[in-house]
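Engineer: pasting the sequence and the predicted model now:
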Amino acid sequence: MAEYPKNLEEFEAMFPTDAACRDYLCQIRWPNGFCCPRCGGERAYPIGSVLYQCAKCRYQMSVIAGTIFQDTHKPLTMWFRAIWWITGQKNGVSALGLKRILGMGSYQTAWSWLHKMRTAMVRPGRERLTGVVEVDESYVGGEKPRKRGRGAEGKALVVVAVEDKADKGIGRIRMAVVPDASARSLTPFVKASVQEGCTVRTDGWHGYDGLRSSGYNRIVERKDSCVGDKPLKLAHLAVSLLKRWLLGTHQGAASHEHLAYYLDEFVFRFNRRTSTHRGLLFLRLLQNSVLGAPLPYKKIVKHVRGPKSLNHNI
């Protein structure tokens, strides 16, 4: 594992230039040493700020190609400062806060950077939840809905899975936005979030009826419940913390079109809430940033309502 800075002084000493940042990304991307994708050569030398040229076939490649940094016009030192700042803030940062701390001239740039880094907070192939897991749904935004499973105007339906660690309390969590509370939406979430063979605790909603046939042991906590009821205490606590976080850090301004990005960040922070090594979080997010796919700005705003959606301050 690559060395990581333990504090701000070490961070500034490790990454004073773009070349230092590039070399660090090279260590992360090729932990076993450089390997040319064209000829398999094991030696390369740097060209410019992000390029490497194979010493054998002279093929040139960028260390940021295929990552969230791809096509950036900003220096890598600024990206590294942004990731250090974001992982160092316990409750997260807003786009306006990031713009101010980095001295960015554009709010749009800060906003898109945050969404790119939120996608990197989901590690590819991450382990699913195990043991006893509570699963429930809740509406985010607006007042209490009329009927369960039919959706509600101005609200987003979020499903949450929470590990029950008994006397240790809440373990890891997973969250996702779903179109409705049907089995067609809930079962795939459980399969993606919980290891088969585990015990899933739910209420009596029929959207979970297919879990047993999908390889899970199901415990029904209460049969006559509706969205907004609180029979599943751990799941309800996780959702309450989510809503408090959205209101406190983002002033409740996260649009439904981009809510999934915010859920990724909340889950990342919640599952690492007890970590005392902020530098390790910095390294983990950098590693995920290299593993993740590029996220162009046009893709981020593709499903936003109206031409002035950036004014949502998300």
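Structural biologist: That came in fine, so what should we check first?

Engineer: ok, residues contacting stretch 121-133?
Structural biologist: 161-166, 171-174, 192-195, 198-201, 219, 264-265, 267-268, 284-285, 288, 291-292 (Cβ atoms under 8 Å, 6 or more residues apart in numbering). (C-beta placed from N, C-alpha, C; glycine too.)

Engineer: narrow the residues you listed to those in strands?
Structural biologist: If you go by DSSP state E, these have 161, 162, 163, 164, 171, 172, 173, 174, 199, 200, 201, 219 in strands.

Engineer: which ones are touching the third one?
Structural biologist: What it means is residue 163. Residue 163 touches 129, 130, 131, 132, 133, 170, 171, 172, 173, counting by Cβ under 8 Å, 6+ apart.

Engineer: what's the closest non-adjacent residue to it?
Structural biologist: With Cβ to Cβ, 6 or more residues apart in numbering as the criterion, residue 163 has its nearest non-adjacent residue at 3.0 Å, and that residue is residue 171.

Engineer: repeat for residue 260
Structural biologist: With sequence-adjacent residues excluded and distances taken as Cβ to Cβ, 6+ apart, residue 260 is closest to residue 177, at 5.1 Å.

Engineer: by pLDDT, give me the weakest of the contacts of residue 163.
Structural biologist: Among those, residue 170 carries the weakest pLDDT, at 91.

Engineer: pull the contacting residues for it.
Structural biologist: By Cβ under 8 Å, 6+ apart, the neighbours of residue 170 are 162, 163, 164, 234, 237, 238.

Engineer: now whichever strand or helix holds the last one: buried residues?
Structural biologist: Put plainly, it is residue 238. Using DSSP states H and E, residue 238 maps to helix 233-250. Neighbour-count burial for helix 233-250, counted by 16 or more other Cβ atoms under 10 Å, picks out 234, 235, 236, 237, 238, 239, 242, 245, 246, 249, 250.

Engineer: give me the pLDDT for the closest residue in space to residue 206 that isn't next to it in sequence.
Structural biologist: Ranked by Cβ to Cβ, 6+ apart and with sequence neighbours excluded, the top spatial neighbour of residue 206 is residue 183, at 7.4 Å. For residue 183, the model assigns a pLDDT of 94.

Engineer: and residue 183, how far is that from residue 158?
Structural biologist: 17 Å (Cβ to Cβ, to the nearest Å).

Engineer: more neighbours, these two?
Structural biologist: A count of neighbours by other Cβ atoms under 10 Å puts residue 158 above the other of residue 183 and residue 158, at 22 against 17.

Engineer: that's a strand at the more buried one, yeah?
Structural biologist: Yes - assessed by DSSP: H, G, I helix; E, B strand; the rest coil, residue 158 belongs to a strand.

Engineer: and for the closest residue to it other than its chain neighbours, the neighbour number?
Structural biologist: For residue 158, ignoring the flanking residues on the chain, the nearest one in space by Cβ to Cβ, 6+ apart is residue 140 at 5.2 Å. Residues within reach of residue 140, counting by other Cβ under 10 Å, total 20.

Engineer: for residue 221, same thing?
Structural biologist: Neighbour number of residue 221 under other Cβ under 10 Å is 15.

Engineer: try residue 198
Structural biologist: By other Cβ under 10 Å, the burial measure for residue 198, its neighbour count, is 17.

Engineer: ok, it touching residue 216?
Structural biologist: Yes - using Cβ atoms under 8 Å, residue 198 makes contact with residue 216 at a distance of 6.3 Å.

Engineer: just to revisit the earlier point, of the contacts of residue 163, keep whichever come out buried.
Structural biologist: By neighbour count, with 16+ other Cβ under 10 Å, the contacts of residue 163 hold 129, 132, 133, 170, 171, 172, 173 as buried.
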